[in-house]
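Asks: Have a look at this fold, sequence not included:
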C-alpha cells in the first residue's frame, strides 16, 4: 500500500515538473530568412520613388538615398534637363534581418556584342549585406518611338516646372513607361573580386535605352548611364 502511495506521489511530482517546465520554457519564434529578406526588399520597392535624391557624391549615413545626375536631352520642344539615377544606398529591416544594398554606376562606354551589334556597357559596383547573392535580372528600357518618349519627358518638365527623374517619378518609370518602352532582357554578368571584397555587375544594353532595370526580386531599381 505504501509503495502504491509513494508511486502516486512520484507521478504527481513528475507531472508538476513537466507542466512547470512547459509553462516557463522560452518560446522561440521561427526564423525564416527568405521571408524576412523578401519583405525587406518589398518595403524598399514600395518606398523607392519617395527616397530623397541628391547630386552630392557622398551618401548620408543610415539614410536611404538616390544619387542623380542632371543632363540636357533633346526633344521636339527643345533642349531640357532630365535627372538620371546613377547610385543608390538602400537598407530595410525585417524582424532580426537588416538588408543593405549599394549600387553605383562607375563607368559607361560603347561596346560591340558578338555578332557586331552595338551596345552600351554599364559597369556597376554592387555591395550587399548578406552572403547570399541578390536575386538578379536585368532589363533595358528601349523606347518604341524615341521622339514620342522624349516629348513625353519634355511635357512633364514643362508641366512640373522641374526636371523629371527617369524611373523614379510617378509618370516616368517601370509602370508609366510601359506604353512607351519595351523591356528587353539585357546581357549581364556579376563578377566577384575577392581581393577587394567587391562585386561588379556588367550589363550590355542597347544604346537607345535611356536606363536599365536591375531586379533584385521584388525590388526593381532603375539605373541610367547619361553621357558626361
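Replies: Everything's here; your move. Model, not experiment: these values are computed from the prediction. Numbering: from 1, shown residues only.
Asks: Can you report how many residues neighbour residue 116?
Replies: 6 (other CB atoms under 10 Å). Every residue, glycine included, has its C-beta placed from N, CA and C.
Asks: That one - that's part of a helix, no?
Replies: No. According to DSSP: H, G, I helix; E, B strand; the rest coil, residue 116 belongs to no helix; its state is coil.
Asks: quick one: it from residue 136, how far?
Replies: Going from residue 116 to residue 136 by CB to CB, to the nearest Å gives 27 Å.
Asks: and what of residue 124?
Replies: Distance of residue 124 to residue 136, given as CB to CB: 11 Å.
Asks: mind listing the helices for this protein?
Replies: Assigned by DSSP state H, the helices in the chain fall at 2-24, 33-47, 146-160.
Asks: I'd like the average pLDDT over the first one.
Replies: Meaning helix 2-24. Averaged over helix 2-24, pLDDT sits at 51.
Asks: so what's in contact with residue 124 and residue 136 at the same time?
Replies: Common contact partners of residue 124 and residue 136 (CB atoms under 8 Å, 6 or more residues apart in numbering): 201, 214.
Asks: Who has more neighbours out of those two?
Replies: residue 124 (25 against 13).
Asks: Who are the contact partners of the closest residue to the more buried one other than its chain neighbours?
Replies: Leaving out its chain neighbours, the residue that sits closest to residue 124 by CB to CB, 6 or more residues apart in numbering is residue 201, at 4.2 Å. Taking CB under 8 Å, 6+ apart as the criterion, residue 201 is in contact with 103, 122, 123, 124, 125, 126, 136, 138, 188, 189, 190, 214.
Asks: Okay, the third one and residue 75: tell me how far apart.
Replies: According to CB to CB, residue 123 stands 28 Å off from residue 75.
Asks: Between those two, tell me which one has more neighbours.
Replies: residue 75 (20 against 15).
Asks: Could you report the distance from the more buried one to residue 211?
Replies: Using CB to CB, residue 75 is found at 17 Å from residue 211.
Asks: in the protein, which spans are strands?
Replies: Ranges of strands in the chain, per DSSP state E, are 53-54, 65-75, 78-94, 97-112, 118-128, 136-143, 181-185, 187-193, 198-205, 211-216, 219-224.
Asks: Mind putting the ones you listed into CSV with distance to residue 34 and mean pLDDT?
Replies: Conversion of the strands of the chain to CSV gives the following (distance: least, CB to CB, whole Å; pLDDT from 0 to 100):
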stretch, distance to residue 34, mean pLDDT
strand 53-54, 31, 93
strand 65-75, 27, 94
strand 78-94, 11, 95
strand 97-112, 10, 93
strand 118-128, 15, 94
strand 136-143, 16, 93
strand 181-185, 25, 90
strand 187-193, 20, 92
strand 198-205, 21, 94
strand 211-216, 14, 94
strand 219-224, 15, 94
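Asks: Figure out which of those strands is closest to residue 154.
Replies: When the strands of the chain are compared by CB to CB, strand 65-75 sits nearest residue 154, at 3.9 Å.
Asks: what's the offset of that closest one from the middle of its chain?
Replies: Taking CA atoms, centre = their mean, to the nearest Å, one finds strand 65-75 lying 19 Å from the centre of the chain it belongs to.
Asks: Given that strand, what are its sheet partners and their directions?
Replies: Strand 65-75 has these partner strands in its sheet, going by DSSP bridges: strand 53-54 (parallel), strand 78-94 (antiparallel).
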